[in-house]
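Enquirer: A predicted structure for the sequence below; I have some questions about it.
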Amino acid sequence: QLQFVESGGGFVQPGGSLRLSCAASGVTLDYYAIAWFRQAPGKEREGISCLNGVGGNTDYVDSVKGRFTISRDNANNAMYLQMTNLKREDTAVYYCAADHRFGCSLKGDYAFWGQGIEVTVSS
């Protein structure tokens, strides 16, 4: 059973950067499609970034393109979301997710989820 522990969230000023991490245990992330989701206060959860289980194809929601980067580290069995030029509207609880399949998507059809971590962007 794949389990995640998320870290790296917190408070940051607009224009700042954060890197979210999800350490996986139970199984290796090899061949898992991975993704990051977020849920802002009063809004529905949205998929913001994903990476295929095989190969390097990624997808991003328009609002984070050019600012966020998803990656995986198979050696450390972890996945990351590097966030730069953060904006107030990026304030949300962020979730990592994974599913044992080839193709990723920004839909919430993932079997395994992290516990969520808060990111607050404010001056």
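Expert: Done, it's in.
Enquirer: Walking through this protein, point out its strands one by one.
Expert: Per DSSP state E, the chain carries strands over the ranges 3-7, 10-12, 18-25, 33-39, 46-51, 58-60, 68-73, 78-83, 92-99, 112-113, 117-121.
Enquirer: quick one, which of these is nearest to L106?
Expert: Closest of the strands of the chain to L106 is strand 46-51, at 3.1 Å (criterion: Cβ to Cβ). To be clear about C-beta, it is placed using only N, CA and C from the backbone, and glycine gets the same treatment.
Enquirer: contact partners of that closest one?
Expert: Strand 46-51 is contacted by residues 33-39, 57-61, 63-64, 68-72, 79, 81, 104-108 when judged by Cβ atoms under 8 Å, 6 or more residues apart in numbering.
Enquirer: Low-confidence stretches in this protein?
Expert: Nowhere does the chain drop to pLDDT under 70.
Enquirer: Just want the most central residue of it.
Expert: For the chain, the residue nearest the mean C-alpha position is W36 (2.6 Å; Cα atoms, centre = their mean).
Enquirer: That residue and Y95, how far apart?
Expert: W36 sits 7 Å away from Y95, going by Cβ to Cβ, to the nearest Å.
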